[in-house]
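>>> Fold the following and give me the result.
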Amino acid sequence: LLNEAIGQVGHILAGDFSRRGFNPDLALLYAQALVGMVSTTATWWLGARAPPKGVAAAHLVNLCWNGLTNLEADPQLGTDLPRTTPR
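Take a look at the predicted model:
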């Protein structure tokens with residue numbers, strides 16, 4: 001299941017990397033990192049059940065999206081948030 005997710009994320013990232021002038025050969029590396037981070041955190045959260053699921057998800061998306069350099073102090077999940085980078 002994880003390998004399937006990694007393959008799908010890698011495919012999405014490869015297209016985006018190509019459009020942005022990044023090396024698409026590195027897409028699977030980034031996909032592995034993202035899926036690994038999410039799956040490991042999900043496994044941990046299932047045992048801890050804290051913070052609340054929505055809070056944990058918002059912080060995980062914050063890290064994945066913004067990286068450590070642009071981390072937000074109080075991230076919120078939502079579908080209508082402004083994009084900081086072009087698609």
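
>>> Where is the longest helix in the protein?
helix 27-48 (DSSP state H).

>>> if I pick the residue nearest the centre of the chain, what's in contact with it?
Among the residues of the chain, the one closest to the centroid is residue 64, at 3.7 Å (CA atoms, centre = their mean). Shown in contact with residue 64 (CB atoms under 8 Å, 6 or more residues apart in numbering): 34, 37, 38. Where you see a C-beta, it was placed from the backbone N, CA and C, and this is true even at glycine.

>>> wait, what's in contact with the second one?
Taking CB under 8 Å, 6+ apart, we find residue 37 in contact with 60, 63, 64.

>>> and the gap between it and residue 18?
Distance from residue 37 to residue 18, counting by CB to CB, to the nearest Å: 23 Å.

>>> Could you export the helix or strand following the longest helix of the chain as PDB, CA atoms only?
Where DSSP states H and E defines the elements, the next helix or strand beyond helix 27-48 is helix 53-66. Taking C-alpha atoms only, helix 53-66 is exported to PDB below (Å, rounded to 0.1, in the frame of the first residue of the first chain):
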ATOM      1  CA  LYS A  53      -6.500  14.500  14.700                       C
ATOM      2  CA  GLY A  54      -7.200  17.800  12.900                       C
ATOM      3  CA  VAL A  55      -4.500  19.600  14.800                       C
ATOM      4  CA  ALA A  56      -2.000  16.800  14.100                       C
ATOM      5  CA  ALA A  57      -3.000  16.800  10.400                       C
ATOM      6  CA  ALA A  58      -2.600  20.600  10.200                       C
ATOM      7  CA  HIS A  59       0.900  20.500  11.600                       C
ATOM      8  CA  LEU A  60       1.900  17.600   9.300                       C
ATOM      9  CA  VAL A  61       0.600  19.500   6.300                       C
ATOM     10  CA  ASN A  62       2.400  22.600   7.500                       C
ATOM     11  CA  LEU A  63       5.700  20.700   7.700                       C
ATOM     12  CA  CYS A  64       5.200  19.000   4.300                       C
ATOM     13  CA  TRP A  65       4.100  22.200   2.600                       C
ATOM     14  CA  ASN A  66       6.300  24.900   4.200                       C
END
